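S.K.: structure for the following, please:
(2 chains)
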Amino acid sequence: MSFRLSYRADPGNPWFSWQYVRDNSDTILAALRDHASLTARAVLIAALIAVPLAVAAYWFRPLAGPILAVTGVFYTIPSLALFAFIAPYLGIGAVTVLSVVVLYALLVIVRNSVAGLTQVPPEVREAAEGMGYGRWARLFRIDLPLALPGIITGLRLATVSTVALVTVGVVVGRGGLGQLIFGGFQNNFFKAQIMTGTVLCVLLALVLDLILAGIGRLLTPWLARRAS
Amino acid sequence: MSIIEQAYLWLNDPLNWTNPGGVLDRLGEHLVLSAAAVALGCLVAWPIGLWLGHTGRGGGLVVLVANVTLAVPTLALLTILPLTFLGFGKPSVIVALAVFAVPPLLANAYTGVRQADPEARDAARGMGLSGMQVLRRVELPLAVPYLAAGFRTATVQVVATAALASFVNGGGLGQIIRAGFGLDIAAGGGQILAGGLLVAGLAVLVEVVLALVERIVTPRPLRAARRGASRRAADAVTGG
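M.R.: Numbering: from 1, shown residues only, chains lettered A, B, ... in the order given. Alright, predicted model coming up:
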């Protein structure tokens, strides 16, 4: 048998290999799906917390400082340390990854949403008040639509950084594509696996960013009209 | 025994600090890796940023670099670079960390030179200074607050990211957390938490110290503009 083995061409360890992608498409797709769903859930949860926080900071100015400061503190704590704080309590799994990633996404979305809300022109606000809009009606019909570009920018940045951050989840065994990257490293430095994971990660970030940019354009048709 | 008590006990065991691979060793590794990465980042990013700002071109390049590095996972670079000519060990980790230090340094150097008062620039030209002299004697001093703000952002980020070097056995304080996870949560919970406290504490300490440094190197008249500088710089990095 060794006779035949010695005549086989050296398979090598290439950076890119279709062979690997074809043979392992199930694993790769599962990792990609896991990664995408973790990212989507995280950004959604972060947005549901961050936008109300931004509105609170906008309505009650004294709250703006503390809200930005607290979310800023989360941003300063290194991701691995945040995992270390949360994992002993929430255990190993998706919940821990989600919590960490959501805490990071918060600051970006809050800050951009606050920036978007404060950019609403005062004349518009006064005109709305003069027309008899109440606080809530003004928020939903005037302030939030006009702040949408800022909010969308925040969502896009949060999404792109979340895609990169989810990979750190390998520390608790749920890193999505990070699992692929790290697995390749441990698996005798299998370059094709590492590269496939990395490329898919960057592509996922790019695709999600484009989707959000497209949604932003659809939601703010007046900006496109003004530009043309 | 609660996890917090376990962490407290772990941190109070002198052997955990002085053993080979203990906290002191790891702290030393962490600081060496971070310092080298920031130095490398500065060497690459500052000349390019200052020059781009001086010529007024390449604003798009600065934004592009920031966006691309935002999308590349640290874990990917940490695992890819050791397999290239850099080889395993410190050099590849330092390069990987330096890549993430470049965007804030670059953006701040660029913005710092761009925001220099055009009248000061014109006056310098009128006095017969050459392009290089304008950059060295007028634009560079005026950009110092921005350079300091970028240095702070980059350093804090590198110190935070250096914890991830533990994934490829690159050393640093992250190694303590990883070892704790290796023990399983029930047994290593205290160590995990203790490592997390050390990593987070170091990041916050560096942030505070550099904020002081930033204040000291900023000349008094420019201090009012400083707050605006760091905010604008942060915006430049996040693209906001």
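
S.K.: alpha carbons only for contacts and neighbour counts from here, please
M.R.: Fine.

S.K.: okay, and A:Tyr104 sits in which element?
M.R.: helix A:94-118 (DSSP states H and E).

S.K.: buried residues, that helix. List them.
M.R.: A:94, A:96-118 (16 or more other CA atoms under 10 Å in any protein chain shown).

S.K.: now do the helices in chain A.
M.R.: A:2-7, A:18-23, A:25-59, A:61-76, A:79-90, A:94-118, A:122-130, A:135-138, A:144-166, A:177-186, A:191-219, A:221-227 (DSSP state H).

S.K.: my bad, chain B
M.R.: For chain B, the helices defined by DSSP H occupy B:3-12, B:14-18, B:23-55, B:59-71, B:74-80, B:90-114, B:118-126, B:131-134, B:140-161, B:174-182, B:185-217, B:223-238.

S.K.: deepest-packed of the ones you listed, please.
M.R.: Compared across the helices of chain B, helix B:90-114 shows the largest average neighbour count, a mean of 27 (mean count of other CA atoms under 10 Å in any protein chain shown).

S.K.: just the angle between it and helix B:59-71, please?
M.R.: Angle, helix B:90-114 to helix B:59-71, by axes from the mean of the first three to the mean of the last three CA atoms, to 10 degrees: 140 degrees.

S.K.: against which helices or strands is helix B:90-114 packed?
M.R.: In terms of contacts (3 or more CA pairs under 8 Å, 6 or more residues apart in numbering or on different chains; DSSP states H and E), helix B:90-114 is packed against helix B:23-55, helix B:59-71, helix B:74-80, helix B:140-161, helix B:223-238.

S.K.: what about the second one, near chain A?
M.R.: I take that to be helix B:59-71. Yes - with CA under 8 Å from any CA of the partner chain as the criterion, chain A is reached by helix B:59-71 at B:70-71.

S.K.: which residues touch that helix?
M.R.: Helix B:59-71 has contacts (CA atoms under 8 Å, 6 or more residues apart in numbering or on different chains) with A:160-161, A:163-164, A:201-202, A:205-206, B:52-53, B:99-100, B:103-104, B:106-107, B:110, B:236-239.

S.K.: what mean pLDDT does it get?
M.R.: Per-region confidence: helix B:59-71 scores 82 on mean pLDDT.

S.K.: quick one: work out the angle between that helix and helix A:144-166.
M.R.: 60 degrees.

S.K.: show the contacting residues for the closest residue in space to B:Gly22 that isn't next to it in sequence.
M.R.: Nearest residue to B:Gly22 in three dimensions, chain neighbours excluded: B:Asn16, at 5.2 Å (CA to CA, 6 or more residues apart in numbering or on different chains). Going by CA under 8 Å, 6+ apart, B:Asn16 touches B:10, B:22-23.

S.K.: any chance of these in JSON lines, plus distance to B:Val208 and pLDDT?
M.R.: Formatted as JSON lines, those follow (distance: CA to CA, whole Å; pLDDT from 0 to 100):
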{"residue": "B:Trp10", "distance to B:Val208": "26", "pLDDT": "81"}
{"residue": "B:Gly22", "distance to B:Val208": "25", "pLDDT": "82"}
{"residue": "B:Val23", "distance to B:Val208": "21", "pLDDT": "84"}
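
S.K.: roughly how far out does the helix holding A:Tyr104 sit from the chain middle?
M.R.: From the chain centre to the centre of helix A:94-118 is a distance of 9 Å (CA atoms, centre = their mean, to the nearest Å).

S.K.: ok and it relative to helix A:144-166, angle-wise?
M.R.: Using the same axes, to 10 degrees: helix A:94-118 against helix A:144-166 is 150 degrees.

S.K.: dump stretch A:179-186 to CSV, restricted to CA.
M.R.: Extracted in CSV, the C-alpha atoms of stretch A:179-186 (Å, rounded to 0.1, in the frame of the first residue of the first chain):
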residue,chain,number,x,y,z
GLN,A,179,-15.5,28.3,14.3
LEU,A,180,-14.3,27.5,10.7
ILE,A,181,-11.4,29.8,10.9
PHE,A,182,-10.2,28.6,14.3
GLY,A,183,-11.0,25.0,13.4
GLY,A,184,-8.7,25.3,10.4
PHE,A,185,-5.9,26.8,12.5
GLN,A,186,-6.2,23.9,15.0
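
S.K.: for that stretch, buried residues please.
M.R.: Quick answer for stretch A:179-186 (16+ other CA under 10 Å): A:179-185.

S.K.: and which of these is nearest to B:Glu207?
M.R.: Taking CA to CA as the measure, B:Glu207 lies nearest A:Phe182 of the buried residues of stretch A:179-186, at 29.9 Å.

S.K.: for that closest one, give me its contacts.
M.R.: Here A:Phe182 is in contact with A:170, A:194, B:75, B:79 (CA under 8 Å, 6+ apart).

S.K.: mind running it again at 10 Å?
M.R.: A:167-168, A:170-171, A:175, A:189-190, A:193-194, A:197, B:75-76, B:78-79, B:167-168 (CA atoms under 10 Å, 6 or more residues apart in numbering or on different chains).
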